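Novice: Predicted model, plus sequence, below.
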Number of protein chains: 2
Amino acid sequence: MAERVCIVGSGNWGSVAAKIIGINVTKHEELSDEVYMWVHDELVGGQSLADIINTKHENVRYLPGVALPKNVVANSNLIECIQDATVLVFVLPPQFLKEILRRMVGHIRPDAIAISLIKGLDSSFSGIRFFSEVIEELLDIDVSVMSGANVASEVAAESFCETTIGTRVYEHGKLFEKLFSTSYLSINVVNDIIGVELCGALKHILGIAAGIVDGLDLGGNTKAAIVRIGLMEIIKFAKTFYPEVKKETFYESCGIAEMISLYYAGRNRKLGEAFVKTGKPFNVLEDELLNGQKLQGPVTIQRVYNHLVQKEKIQLFPFINTVYQITYKAAPPDSIVKDI
Amino acid sequence: MAERVCIVGSGNWGSVAAKIIGINVTKHEELSDEVYMWVHDELVGGQSLADIINTKHENVRYLPGVALPKNVVANSNLIECIQDATVLVFVLPPQFLKEILRRMVGHIRPDAIAISLIKGLDSSFSGIRFFSEVIEELLDIDVSVMSGANVASEVAAESFCETTIGTRVYEHGKLFEKLFSTSYLSINVVNDIIGVELCGALKHILGIAAGIVDGLDLGGNTKAAIVRIGLMEIIKFAKTFYPEVKKETFYESCGIAEMISLYYAGRNRKLGEAFVKTGKPFNVLEDELLNGQKLQGPVTIQRVYNHLVQKEKIQLFPFINTVYQITYKAAPPDSIVKDI
């Protein structure tokens, strides 16, 4: 039977995924031509967004101006979307994930597999957790992950880029490659889910640190030093808590490529810079600069810091500690060069 | 007997080195307080630059506004400068190196040691060569190297940065650390001269590639992909021709830190961008944009390309080949994404 894909999420990255997958499924017999996209119910100009997508074949709200393939079918009924799907693509803001997963429990196919495009970290009593773990735990299915230097608007414009898929099942990697690979999106599959997850999450801390350096006008040499020191600490974090992570993963698109790219031009960088220049807290800046959109930088710093404190390792991670002290404990921003 | 330092060169980076070394020598008994700086004879406002430096304690031509320690003694007589020196610091434009070395032959102390701050590659009939090799060959002394994300003006302003010293003699590394280490310049010593040299030279190719991507307005995702692909090829180049190079060296300041920094904001990047946008050859652009200053990017591309052709390995290095074809063989600039 043909694989049937459901995209759980319809923001800008979700809509780009729908565009790519919608085209790719038509090229392979073993993939069903119809691609479902779950759309969170909302009205745009008095009309349901799902209906607009199904008639205009465009996500006018989150990816305006980009045509979606006609075989992408939007639906705001979650259960209808997922119940026949054999492949679930999770691409939604992390704060909504668990609520959606709970609604899915008992309604998915037992042979379904998933891939998470969510970048960030969850936390629990026992320390940090990855969103792929959360999906796996609630749905009891195999989950792969995808992460890379993939700003949605640029992928939508078909600018060349790369991405990394982490999986533990070779055949799942092959299937996801079929779903996502295009002439402008080059995919590397690695057998290292945690490495891909760690890169995608910890880069947020680097981004905030970049903003602190920029906010202090410290210049390119200092910025280069801080990215190096931060990267070393991220790798040390991986080695300390996840010794199975492969060093090579840091050389993938999900690793240095995205970390560096966002270090020089990301939203967390912008937030960190404004934090230093204005002294306003992150939530106020998110309202002022990002229309209230929540970034993963601040919460990732906090979760990673808590994890290190709980594991009694914080003194071994001066970079992470210093970024935390600056952003949450009113330490002077220039401790970013003095204390690490 | 106390070690006596001579700085061979007095450009902006040489003058910053003089500032740092001039202060550091006074802190250690085993280092002579007097630091010589060889100054290429030139007149500024009708007066010898060496005389101005010795009276004003400022290199008004190449590092204006920065006070040099009074124990830095400028001299335009090369032989007088070097004949008593036990430590030679080479920091001059590579195109002048061999001529200077030839003049030094027979006049240096046999127990002298050297460090090269020159970033680039030489070439010979047998392929590429490092400037540290050239120094070693002509003077028959041990040569270490220093390289990192160290834009001279920012180091002069005492912004925090890091640098990497590569040496094969542990004690030499310790001595150079004493000479260069300050509160704002953090030094890592590694036992891998070739790794440090390779990073310092091949980063120029990445810089030109960055400019090509920018000139085509390809955006951040593409730029991230190209830096990753380029970095992978640089590491492959090292492994292929210099298997003794340590992977860890790429994680030093001389490695990813500087490569990335210049990829986003370096002069070779600027040159590559102008090359794509104007179609003018490099030498014309160097005149127009850089007051005729010669960058190492164009010549490094050519030398590395020639090396690969000679060793019959060019087909294994599509990134380097493509950058060469675009810059020297009028290949279309967008082959940077199509051919690699």
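Specialist: Right, received. Where do you want to start?

Novice: And the strands in chain A, which stretches?
Specialist: A:5-8, A:35-38, A:43-44, A:47-48, A:72-75, A:87-90, A:113-116, A:121-124, A:127-130, A:143-147, A:161-166, A:185-190 (DSSP state E).

Novice: got the CA coordinates for the second one in PDB?
Specialist: Okay, so that is strand A:35-38. This file holds the C-alpha atoms of strand A:35-38, laid out as PDB (Å, rounded to 0.1, in the frame of the first residue of the first chain):
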ATOM      1  CA  VAL A  35      -0.800  14.900   1.100                       C
ATOM      2  CA  TYR A  36      -2.700  16.000   4.100                       C
ATOM      3  CA  MET A  37      -1.800  19.200   6.000                       C
ATOM      4  CA  TRP A  38      -3.300  19.800   9.400                       C
END
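
Novice: Give the other helices and strands that that strand contacts.
Specialist: strand A:5-8, helix A:12-25, strand A:72-75, helix A:78-82 (3 or more CB pairs under 8 Å, 6 or more residues apart in numbering or on different chains; DSSP states H and E). Glycine gets a C-beta too; all of them are placed from N, C-alpha and C.

Novice: Take the strands of chain A and lay them out in TSV including mean pLDDT.
Specialist: TSV is the format used below for those (pLDDT from 0 to 100):
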stretch	mean pLDDT
strand A:5-8	98
strand A:35-38	98
strand A:43-44	95
strand A:47-48	96
strand A:72-75	98
strand A:87-90	98
strand A:113-116	98
strand A:121-124	90
strand A:127-130	93
strand A:143-147	98
strand A:161-166	98
strand A:185-190	98
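
Novice: Using TSV, lay out those together with mean neighbour count and distance to B:T55.
Specialist: Formatted as TSV, the strands of chain A follow (neighbours: other CB atoms under 10 Å in any protein chain shown; distance: least, CB to CB, whole Å):
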stretch	mean neighbour count	distance to B:T55
strand A:5-8	26	73
strand A:35-38	27	75
strand A:43-44	12	74
strand A:47-48	14	80
strand A:72-75	22	76
strand A:87-90	25	70
strand A:113-116	25	68
strand A:121-124	17	60
strand A:127-130	20	61
strand A:143-147	26	60
strand A:161-166	27	57
strand A:185-190	19	60
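
Novice: mind giving me JSON lines with the helices and strands packed on strand A:35-38 and columns for distance to A:H307?
Specialist: Converted to JSON lines, those look like this (distance: least, CB to CB, whole Å):
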{"stretch": "strand A:5-8", "distance to A:H307": "27"}
{"stretch": "helix A:12-25", "distance to A:H307": "26"}
{"stretch": "strand A:72-75", "distance to A:H307": "38"}
{"stretch": "helix A:78-82", "distance to A:H307": "32"}
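
Novice: Let me know which of the ones you listed is the nearest to chain B.
Specialist: helix A:12-25 (11.2 Å; CB to the nearest CB).

Novice: Just the C-alphas of the closest one, formatted as PDB.
Specialist: Extracted in PDB, the C-alpha atoms of helix A:12-25 (Å, rounded to 0.1, in the frame of the first residue of the first chain):
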ATOM      1  CA  ASN A  12       5.800  29.000   7.100                       C
ATOM      2  CA  TRP A  13       8.200  26.000   7.400                       C
ATOM      3  CA  GLY A  14       5.300  23.600   7.400                       C
ATOM      4  CA  SER A  15       3.900  25.200   4.200                       C
ATOM      5  CA  VAL A  16       7.300  25.000   2.500                       C
ATOM      6  CA  ALA A  17       7.500  21.300   3.500                       C
ATOM      7  CA  ALA A  18       4.000  20.800   2.000                       C
ATOM      8  CA  LYS A  19       5.100  22.400  -1.200                       C
ATOM      9  CA  ILE A  20       8.200  20.100  -1.500                       C
ATOM     10  CA  ILE A  21       6.400  16.900  -0.400                       C
ATOM     11  CA  GLY A  22       3.400  17.600  -2.500                       C
ATOM     12  CA  ILE A  23       5.600  17.700  -5.600                       C
ATOM     13  CA  ASN A  24       7.800  14.700  -4.600                       C
ATOM     14  CA  VAL A  25       5.000  12.300  -3.800                       C
END
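
Novice: Tell me the buried residues in it?
Specialist: A:12-22, A:24-25 (16 or more other CB atoms under 10 Å in any protein chain shown).

Novice: and if you look at stretch A:294-307?
Specialist: Buried, per 16+ other CB under 10 Å, within stretch A:294-307: A:L295, A:Q296, A:G297, A:P298, A:V299, A:T300, A:I301, A:R303, A:V304, A:Y305, A:H307.

Novice: what's the answer for stretch A:277-286, then?
Specialist: Buried, per 16+ other CB under 10 Å, within stretch A:277-286: A:F282, A:L285, A:E286.

Novice: show me the contacts for the residue nearest to A:L308 when sequence neighbours are not counted.
Specialist: Using CB to CB, 6 or more residues apart in numbering or on different chains and skipping the chain neighbours, the partner closest in space to A:L308 is A:I314 (4.2 Å). Applying CB atoms under 8 Å, 6 or more residues apart in numbering or on different chains to A:I314 gives the contacts A:Y305, A:L308, A:I320, A:N321.
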